[in-house]
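> Give me a 3D structure for the following:
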Amino acid sequence: MIQTVEERKELMRKIRDEVIALKKSPLYKFRIENKNLPVIGEGSHFAKIMFIGEAPGRNEAKTGRPFCGRAGDILNELLESVGIKREEVYVTNIVKDRPPQNRDPLPEEIEIYGPFLDRQIEIIQPKVIATLGRYSMYYVMPKLGLEFELEPISKNHGKIFAVPREALAKWGWKNHEVKIVPLYHPAVAVYNAHTLDQLKKDFEVLKDL
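Residues are numbered from 1 along each chain as shown. Model prediction:
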């Protein structure tokens, strides 16, 4: 189990360096041609809550920071609504490079970048993993033994799922409980302001946890 600040920081640096050099990624060329940055993640390496989105957008790729555009503003508002400080959580995406035209990530992209996310989860050892959007939910839940709980995000959002003991054992987590909370991606409120109330209601679950 990784305990010290320096150990976790160094392991995250290693992930960053590997992603920077990931020439086999179908998004590598697009990153270089557009002078984009990979977006590894941001926040506390000892966070109790880890937020996992889908892929970086234009603002994220220019700054190297996750959720720093309009969707990021909404995420910040949602966190504030339940009294959670952003610097106390960890925010990342499955895919670490921006897809062209901000399109949805492709299966082969998720396959390439997914192992980096797995390592981030192992490093941080969060108590709660909040997935943001359907791609994140469909990746994380089966990884943590909850494939039989998968339903459309319209049904799963705002629910709490306890990771089974056998799945925790596979990750080497002894005496460590983990909850998964699927949430809508904050970007939905960018295009439909009426969904913000639902997002705030769902975030109340995190406050209770």
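
> Next secondary structure after the strand or helix carrying Pro115?
Using DSSP states H and E, Pro115 maps to helix 107-124. Sequence order places strand 128-132 as the next helix or strand after helix 107-124, per DSSP H and E.

> Packing partners of that following strand?
Counting contacts by 3 or more CB pairs under 8 Å, 6 or more residues apart in numbering; DSSP states H and E, strand 128-132 is packed against strand 49-53, helix 134-143, strand 179-183. C-betas here are computed from N, CA, C, even on glycine.

> Residues contacting the second one, please?
Helix 134-143 is contacted by residues 52-55, 93-94, 104-105, 110, 114, 117-118, 129, 131, 147, 149-150, 152-153, 156, 161, 180, 182, 185 when judged by CB atoms under 8 Å, 6 or more residues apart in numbering.

> Check stretch 16-31 too.
Against stretch 16-31 from outside (CB under 8 Å, 6+ apart): 36-38, 40, 61, 95-100, 106, 108-109, 112-113, 116.

> What residues sit buried inside that stretch?
By neighbour count on 16 or more other CB atoms under 10 Å, the buried set for stretch 16-31 is 16, 19, 22, 25, 27-28, 31.

> how about these, which pair is most distant?
Greatest spatial distance in those: Arg16 and Leu27, 15.5 Å, computed using CB to CB.

> And the residue nearest the centre of the protein?
Ile52 (1.1 Å; CA atoms, centre = their mean).

> what about the closest residue in space to that one that isn't next to it in sequence, distance to Glu6?
Excluding the flanking residues, the one nearest Ile52 by CB to CB, 6 or more residues apart in numbering is Ser136, at 4.7 Å. Distance, Ser136 to Glu6, using CB to CB, to the nearest Å: 29 Å.

> Which one's more surrounded, these two?
Ser136 (28 against 7; other CB atoms under 10 Å).

> Is it correct that Ile15 is in contact with Arg119?
Yes - the criterion here is CB atoms under 8 Å, and Ile15 meets it with Arg119 at 5.9 Å.

> neighbour count winner among the two?
Shown here are Ile15 and Arg119; by other CB under 10 Å, Ile15 has more neighbours (20 against 15).

> Identify the residues contacting Trp173.
So Trp173 contacts Gln125 (CB under 8 Å, 6+ apart).

> That one: helix or strand, and which one exactly?
Going by DSSP H and E, Trp173 is not in any helix or strand.
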